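1. The following block contains a protein sequence and its predicted model.
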Amino acid sequence: MPAWQVPLADVVVPEDDIAVVADVYRSGWLSMGPRTADFERALAEYTGAPHALAVANGTTALHLMCVAAGLGPGDEAIVPSLTFVASVNAIAYTGATPVFADIASLEEPWTPAAAVEAAVTPRTKAIMAVAYGGHPGEIAALRELAAARDLVLLEDAAHAIGMRHGGRHVGTFGAAGAFSFFSNKNLAAGEGGAIVTGDDALAERMRLLRSHGMTTLTWDRHRGHAAGYDVVALGFNYRIDEPRAALLTARLGRLDAETDRRRHLDRRYRSALDGVGGVTPTAAPAHHIFTVVVDEDRDRDGIRRALGDRGVQTSLHYPPAHRFSIYAGGADELPLTDAYAARAITLPLFATMTEVQQDLVVEALAGALG
């Protein structure tokens, strides 16, 4: 493995977190049970959503809410191409067709309501809004559009835990919102995901589908609350386990403080890059990732190599989904998405990043730009 002086992301697991997980293993109950329920209550309270369901990972969260929302063959769902492919795959898993929309601009890499509205057809059933980097984008306008056109608004809020817009947590604007707790996320457990919703019927449907369509769970039967079960729907095994649920509950208590630290680093990046030519940060703080767009005449890949030579890890968020072989031909030209994907660089950002590390990133970037 490369010896990065500044990795793209970093996860620090303190001893208190290790102790919490060790206690779960000592308890002898590892599958979904009381600690999962504790985490779901804590997440619902944190986000302000009436219901929260923990699941195995962010992709299962996306798929589960698409299935529960009724997407299926013959339907279309509008989704940005500038997203991790799971946003798109979750739609396709149901048999529905993903329809790609362009971003607002190179400095605003999220899908505007106008681009979504232009993509609506008689087959459109849903909008999949993506909080790129944790930024809400035009989520309020998308909510209004969905209501006006009788569409289901679903939120891929994988980057957005801890992000609020107008006092409301991102992920709670639509019928349901999905989060990811992958190891590079702001709230990390290695793998894990969750869905929040204010729709009682949708929550009940997702709980059923999360565990094989079974009417009772193993934990229910262990406690003597049920003697058996029926299977009433074609469900999935999308359950999270108790060690990760306990870890997430512990880490959730530190999330706001870590988000504040990310916010400080975001602002510090912007100040330091203000006098650096050849590069423009994306328009607004998002706090999950920090992306910059290099000028058109610059060698983006050469700049990344130069940063790597200085021990600075970078990434690309994201290769456009409409350019993948599996979705080739599924979209008209998306010029802004293509331009952004060709010129954007994701720089390191994580809560435990030091200012010395950040200064090294800025220095290396300025040097690479000449």
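-> Noted; the coordinates are in hand. Numbering: from 1, shown residues only.
2. Would you mind listing where the chain has pLDDT under the threshold?
-> Applying pLDDT under 70 to the chain flags residues 1, 219, 222, 224, 330-331.
3. mind listing what the residue nearest the centre of the chain touches?
-> Among the residues of the chain, the one closest to the centroid is residue 158, at 1.3 Å (Cα atoms, centre = their mean). For residue 158, the contacting residues are 58, 62, 84, 86, 87, 131, 178, 179, 180, 182, 185, 193, by Cβ atoms under 8 Å, 6 or more residues apart in numbering. From N, CA and C alone the C-beta is placed, and that goes for glycine too.
4. And residue 369, by the same measure?
-> 276, 277, 278, 279, 294, 298, 303.
5. again, only using 7 Å
-> By Cβ atoms under 7 Å, 6 or more residues apart in numbering, the residues touching residue 369 are 276, 277, 278, 279, 298, 303.
6. likewise residue 162?
-> Counting by Cβ under 7 Å, 6+ apart, residue 162 touches 186, 255, 256, 259.
7. Recalculate using a threshold of 8 Å.
-> If a contact means Cβ under 8 Å, 6+ apart, then residue 162 has 134, 186, 187, 255, 256, 258, 259, 287 as its contacts.
8. Show me the residues you listed that map onto helices.
-> 255, 256, 258, 259 (DSSP state H).
9. From the centre of the protein, give me the residue that's furthest out.
-> For the chain, the largest distance from the centre (Cα atoms, centre = their mean) belongs to residue 227, which lies 38.1 Å off.
10. Relative to residue 50, how far out is the closest residue to that one other than its chain neighbours?
-> Setting aside the residues directly before and after it, residue 227 is nearest to residue 221 in space (Cβ to Cβ, 6 or more residues apart in numbering), at 7.1 Å. To residue 50, residue 221 is 27 Å away according to Cβ to Cβ, to the nearest Å.
11. And residue 202, by the same measure?
-> Using Cβ to Cβ, one gets 11 Å for the distance from residue 202 to residue 50.
12. What of residue 277?
-> Noted for residue 277: a distance of 49 Å to residue 50, by Cβ to Cβ.
13. repeat for residue 114
-> Residue 114 is 31 Å from residue 50, where distance means Cβ to Cβ.
14. ok, now residue 358?
-> Distance of residue 358 to residue 50, computed by Cβ to Cβ: 39 Å.
15. Look at the two and report which has more neighbours.
-> Under the neighbour definition other Cβ atoms under 10 Å, residue 358 and residue 50 were set side by side, and residue 358 has more, 20 against 13.
16. Ramachandran angles for that one?
-> As for residue 358, its main-chain torsions (degrees, to the nearest 10) stand at phi -60, psi -40.
17. Equivalent analysis for residue 197, please.
-> phi -160, psi 150.
18. residues contacting it?
-> By Cβ under 8 Å, 6+ apart, the contact list for residue 197 reads 49, 50, 51, 65, 175, 176, 177, 203, 206.
19. And these, which two are furthest apart?
-> The span of the contacts of residue 197, defined through Cβ to Cβ, is set by 50 and 65 at 14.8 Å.
20. nearest to residue 339, of the contacts of residue 158?
-> Relative to residue 339, the closest of those is residue 84; by Cβ to Cβ it sits at 19.2 Å.
21. what about the closest residue to the closest one other than its chain neighbours, neighbour count?
-> Spatial nearest neighbour of residue 84, excluding adjacent residues (Cβ to Cβ, 6+ apart): residue 318 at 5.7 Å. Residue 318 has 21 neighbours, counted by other Cβ under 10 Å.
22. Spell out which helix or strand contains the spatially closest residue to residue 94 that is not a sequence neighbour, please.
-> In this structure, residue 94 finds its nearest non-sequential neighbour in residue 71, 4.2 Å apart by Cβ to Cβ, 6+ apart. Under the criterion of DSSP states H and E, residue 71 resides outside all helices and strands.
23. Now for residue 71: which residues touch it?
-> Contact analysis of residue 71 by Cβ under 8 Å, 6+ apart lists 77, 91, 94, 95, 96, 125, 126, 152.
24. of those, buried ones?
-> Neighbour-count burial (16 or more other Cβ atoms under 10 Å) is assigned, among these, to 77, 91, 94, 96, 125, 126, 152.
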